[in-house]
Every structure is written in structure tokens, then in C-alpha cells.
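**Student:** Sharing a model prediction with you, sequence too.
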Amino acid sequence: MVSVSQETIEQTEQRLHRVIAAADLVALEGVWSFTESALAEPPALTPGVPR
């Protein structure tokens, strides 16, 4: 199910700026990509990758 936000564009930008400011960025070696998967079939996590 998709939830649609009632935020204005400005509110969304302010919220995302707060999230980015609070985030820790970790640069990992190698090539990484995002692959969408079904909730019932999550992908296996790579051993040794920090969470």
C-alpha cells in the first residue's frame, strides 16, 4: 500500500534536509545498487557490511 503525503514541496524539502543532516554517510568499497524485492522475499544481506 502506498501512502501519499499531504506535505507541501517546501515541507518535504525541510523534512528531508533534517534527515540528511542527521544521517551518517559511510562510503563502502565496490559497486552497489538497489534492487526492488517483494516484502515476502527480502534479499539476503551481505555478511560483514555495517548497518
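**Tutor:** Arrived safely, thanks for sending.
**Student:** And the helices in the chain, which stretches?
**Tutor:** Here the chain has its helices, by DSSP state H, at 9-22.
**Student:** so where is it shaky, pLDDT-wise?
**Tutor:** For the chain, the stretches flagged by pLDDT under 70 are 1-2, 50-51.
**Student:** Find the residue at the geometric middle of it.
**Tutor:** F34 (9.7 Å; Cα atoms, centre = their mean).
**Student:** any idea how far that residue lies from P43?
**Tutor:** 10 Å (Cβ to Cβ, to the nearest Å). C-beta: built from backbone N, CA, C; applies to glycine.
**Student:** can you check Q14 too?
**Tutor:** Taking Cβ to Cβ, one finds Q14 at 32 Å from P43.
**Student:** quick one: which of those two has more around it?
**Tutor:** Between Q14 and P43, counted using other Cβ atoms under 10 Å, the more crowded position is Q14 (12 against 8).
**Student:** got the contact list for E7?
**Tutor:** Each residue near E7 by Cβ atoms under 8 Å, 6 or more residues apart in numbering is listed here: R15.
**Student:** what separates the residue of the chain most remote from its centre from A22, distance-wise?
**Tutor:** Distance from the C-alpha centroid of the chain peaks at T8, with 20.9 Å (Cα atoms, centre = their mean). As judged by Cβ to Cβ, T8 and A22 stand 21 Å apart.
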